[in-house]
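Visitor: 3D, please:
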Amino acid sequence: MARLKVTQVRSDIGAKHNQRESLRSLGLKRINDVVVKEDRPEIRGMIFKVSHLVQVEEVE
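Guide: So this is what the prediction gives:
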């Protein structure tokens, strides 16, 4: 199964509450934090909510 490398590139200051919660659920706490998650619909949905705050790469 493919994996996604998610990097937070912008601050969550000023973001909506649900966007902050999506970042926390992904495991991102500060700028330049990196997590690797399985490519699942739930994860894709959280990434879509905060797509302007994160950078996503596909890794194997």
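
Visitor: tell me where this structure has helices.
Guide: Counting by DSSP state H, residue ranges of the helices within the chain are 17-26, 41-49.

Visitor: what's the burial count for residue 31?
Guide: 12 (other C-beta atoms under 10 Å). Glycine gets a C-beta too; all of them are placed from N, C-alpha and C.

Visitor: typo on my end, it should be residue 26
Guide: Neighbours of residue 26 under the rule other C-beta under 10 Å: 20.

Visitor: OK, contacts around it?
Guide: Residue 26 makes contacts with 6, 35, 37, 43, 46-47, 50, 54, as judged by C-beta atoms under 8 Å, 6 or more residues apart in numbering.

Visitor: may I see the ChimeraX selection of the buried members of the residues you listed?
Guide: Those of these that count as buried under 16 or more other C-beta atoms under 10 Å are selected in ChimeraX with:
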select :6,37,43,46,47,50,54
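
Visitor: any idea which of the contacts of residue 26 is closest to residue 60?
Guide: residue 37 (13.7 Å; C-beta to C-beta).
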